[in-house]
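Asker: after the sequence you'll find the predicted model.
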Amino acid sequence: MLSAKQQYHNLPLWCHAQVGLRSNTLIENCKSNASLPLFGYVESNAMTSALNETTEIFPRHNMIETPTPLTRLNRLSEHFDIDLWIKRDDLAGPTLGGNKTRQLEYYFGAALAKGADTILITGAVQSNFVRIAAAIAAALGMEAVLQLEHRVYNDTESYKNSGNVLLNKMFGARIIYYPEGEDENGADKALYQEAERLTKLGKRPYVIPLGENNAPLGALGYVNCAAEIVAQAGKSQFDEVVIGSGSGASHLGMIAGMKRYSPNTKVMGSCVRRKKTLQKQRLVLKSKHFNDMVEEAIISDFDIQLWDGALAPGYGILGDAATMALKLLAKLEGQVVDPAYTAKVFACIVERCSDMQIQKGSKILFVHSGGLAGLFGYQDDLVKIFS
C-alpha cells in the first residue's frame, strides 16, 4: 500500500492532491509561527511531537509577512460597548492583498513541488481569490489561466472591466469565461479539461479546484492565522472570531486552529454566498474532507456556527445590513470593506450587537479578509450610496 507521500507524488500533475497528513501535523503546518509565544493555549505534548514531523506532503510557498496587524477599533468598541478588534488580513500578500493569500501559499507550494508552469483557477468576475493567484503567478514567472464565472447580474462597465478584472489583465493572465454562476462541479470540470488540453501542448498545469468534494488544502493557511491571532492576543483571548464563510476554507481553518490553540474562542461564519442551511451542509462535508486530510477528527458538526442576516439580496449584491456596516466602519474608524464579502462579514457584528446576540463587554475579532480591489468594480453602486 502506498504511503500518503507516495500517493501525493503519484497523482497527475494537474490533479489537486487529496492525501493525508501524519498524526497531529495540523500543528506542524503552523510551525512557521512556532517562535511566537502561545501563552499555554497549545497542548504542549501534541505541539512538541508535531514539530518533529515533516511538512513534505503539504509544501508551502511563503507569500505573507506575518503577523498581519491586530488592531483595536476604539470608536466602535465604545459605540457597541464591546472590546472590538480587527485582524488586518487585507494586508496579506501582493497588490491589495487578502485572506486568499494564506490559502494560496499551500496551493502554489503544491504546484511548485510538482514543477507546474501554469496555474488554473475559477471564481466570480470580481474574485479576489483569482486576482491574488494571478499576482502570485506573475511574481513566480508562471502563466495563469483565470476562469471567470457569471455569478452576479451586473452589466456595468466598472464591474466587467475594472477592479480585479483590470488587475488580472495587468498581471498578464489569460481570462476565459464560464457561463454559469452556481455550478461549481461544472466549473471545475471545465478547468480540468483546459488543463488536459494544455498538457497535450507540453505545458505543466496545476488546477486549484472550487467544488465541495475537494480536500480544502487552503484551510491550512487559516490554521496558521489562528495561531497568529492567539499569539498576538496573549493572555486575554477573544470570546468570538467573526470570519466570512463562502467557499468555506478560511472558516474551517479558523475553526480547527482555534480548537487547537484557544478552545474557548467561538468562531462565527458570516454567509456571503448561500443561506446558512445550505452552507452548513457544505461545511459539514468539507470538514470531513479536512479531518481526513489531517488525519484527525478535529472539526465536528457542532463547531460550525453560521449567520446569514446580511446575505440578502444575494451573492455580490449589497443589502441594507451590509450597506450600514460598510458606512459605519468607514465613518467611525476610517476602515473600508468591500460590498461582496467583508461588508457582509462586519454586518454580522453590527446586527448581532444590535439584537444583543453579542453581549456587552465581549471581546470580538473581525477578520478583515480584504477585497478592496473589488471596490472599483462596484463603484457605480457606491457612488449612488455616498452621493
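Answerer: Received it, and whenever you're ready, just let me know what you need. Numbers count the residues shown, from 1 in each chain.

Asker: so which elements touch the lengthiest helix in the chain?
Answerer: The longest helix of the chain (DSSP state H) is helix 276-294. Helix 276-294 sits against helix 249-261, strand 266-271, strand 305-307, with contacts defined as 3 or more C-beta pairs under 8 Å, 6 or more residues apart in numbering; DSSP states H and E. Where C-beta positions appear, they are placed from N, C-alpha and C, glycine not excepted.

Asker: okay, those, which one's buried deepest?
Answerer: The highest average neighbour count among the helices and strands packed on helix 276-294, using mean count of other C-beta atoms under 10 Å, belongs to helix 249-261 at a mean of 27.

Asker: can you give me the offset of that helix from its chain's centre?
Answerer: Counting by C-alpha atoms, centre = their mean, to the nearest Å, helix 249-261 is centred 11 Å from the centre of its parent chain.

Asker: can you show me the CA trace of it as CSV?
Answerer: In CSV, the C-alpha atoms belonging to helix 249-261 read as follows (Å, rounded to 0.1, in the frame of the first residue of the first chain):
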residue,chain,number,x,y,z
ALA,A,249,-11.8,27.0,3.6
SER,A,250,-10.9,30.1,5.7
HIS,A,251,-13.8,29.4,8.0
LEU,A,252,-12.8,25.7,8.5
GLY,A,253,-9.2,26.5,9.0
MET,A,254,-10.1,29.1,11.7
ILE,A,255,-12.3,26.6,13.5
ALA,A,256,-9.6,24.0,13.5
GLY,A,257,-6.9,26.5,14.6
MET,A,258,-9.0,27.9,17.4
LYS,A,259,-10.0,24.5,18.7
ARG,A,260,-6.3,23.6,18.9
TYR,A,261,-4.9,26.9,20.2
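
Asker: can you give me the angle that helix makes with strand 266-271?
Answerer: Calculated by axes from the mean of the first three to the mean of the last three C-alpha atoms, to 10 degrees, helix 249-261 forms an angle of 180 degrees with strand 266-271.

Asker: which elements pack onto helix 249-261?
Answerer: Using 3+ C-beta pairs under 8 Å, 6+ apart: helix 249-261 touches helix 25-28, helix 100-113, helix 220-233, strand 240-245, strand 266-271, helix 276-294.

Asker: mind putting the ones you listed into CSV with distance to residue 137 and mean pLDDT?
Answerer: Shown next, in CSV, are the helices and strands packed on helix 249-261 (distance: least, C-beta to C-beta, whole Å; pLDDT from 0 to 100):
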stretch, distance to residue 137, mean pLDDT
helix 25-28, 27, 38
helix 100-113, 8, 96
helix 220-233, 17, 95
strand 240-245, 24, 98
strand 266-271, 29, 98
helix 276-294, 24, 96
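
Asker: how about these in TSV, adding distance to residue 330?
Answerer: Formatted as TSV, the helices and strands packed on helix 249-261 follow (distance: least, C-beta to C-beta, whole Å):
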stretch	distance to residue 330
helix 25-28	37
helix 100-113	23
helix 220-233	24
strand 240-245	18
strand 266-271	18
helix 276-294	27
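
Asker: before we move on, back to that, need the helices and strands packed on helix 276-294 in a markdown table with distance to residue 83, can you?
Answerer: A markdown table is the format used below for the helices and strands packed on helix 276-294 (distance: least, C-beta to C-beta, whole Å):
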| stretch | distance to residue 83 |
| --- | --- |
| helix 249-261 | 17 |
| strand 266-271 | 15 |
| strand 305-307 | 20 |
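
Asker: just the terminal-to-terminal distance for stretch 111-122.
Answerer: 16 Å (C-alpha to C-alpha, to the nearest Å).

Asker: buried residues, that stretch. List them.
Answerer: For stretch 111-122, burial by neighbour count (16 or more other C-beta atoms under 10 Å) applies to 111, 112, 113, 114, 116, 117, 118, 119, 120, 121, 122.

Asker: the last one contacts residue 214, doesn't it?
Answerer: Translated: residue 122. No. The pair residue 122 / residue 214 is not scored as a contact, 11.8 Å apart, by C-beta atoms under 8 Å.

Asker: quick one on the thing from earlier: out of the buried residues of stretch 111-122, who's nearest residue 263?
Answerer: Using C-beta to C-beta, residue 113 is the member of the buried residues of stretch 111-122 that lies nearest residue 263, at 32.6 Å.

Asker: residue 62 versus the closest one, what's the distance?
Answerer: 14 Å (C-beta to C-beta, to the nearest Å).

Asker: any weak-confidence spans in the stretch 1-150 of the chain?
Answerer: Across the stretch 1-150 of the chain, the ranges flagged by pLDDT under 70 are 1-56.

Asker: strands along that one, start to end?
Answerer: Listed in chain order, the strands of the stretch 1-150 of the chain (DSSP state E, counting those that start in this stretch) span 70-72, 83-88, 118-124, 143-149.

Asker: of all the helices and strands packed on helix 249-261, which lies closest to residue 206?
Answerer: helix 100-113 (3.8 Å).

Asker: quick one: contacts for residue 342?
Answerer: Applying C-beta atoms under 8 Å, 6 or more residues apart in numbering, we find residue 342 in contact with 90, 244, 368, 369, 370, 371.

Asker: distance of it from residue 124?
Answerer: Following C-beta to C-beta, the distance that separates residue 342 from residue 124 is 15 Å.

Asker: please apply the same query to residue 90.
Answerer: Residue 90 is 18 Å from residue 124, by C-beta to C-beta.

Asker: cool, residue 349 as well?
Answerer: 24 Å.

Asker: compare these two (neighbour count), which wins?
Answerer: Of the pair residue 349 and residue 124, residue 349 is the one with more neighbours under other C-beta atoms under 10 Å, namely 27 against 22.
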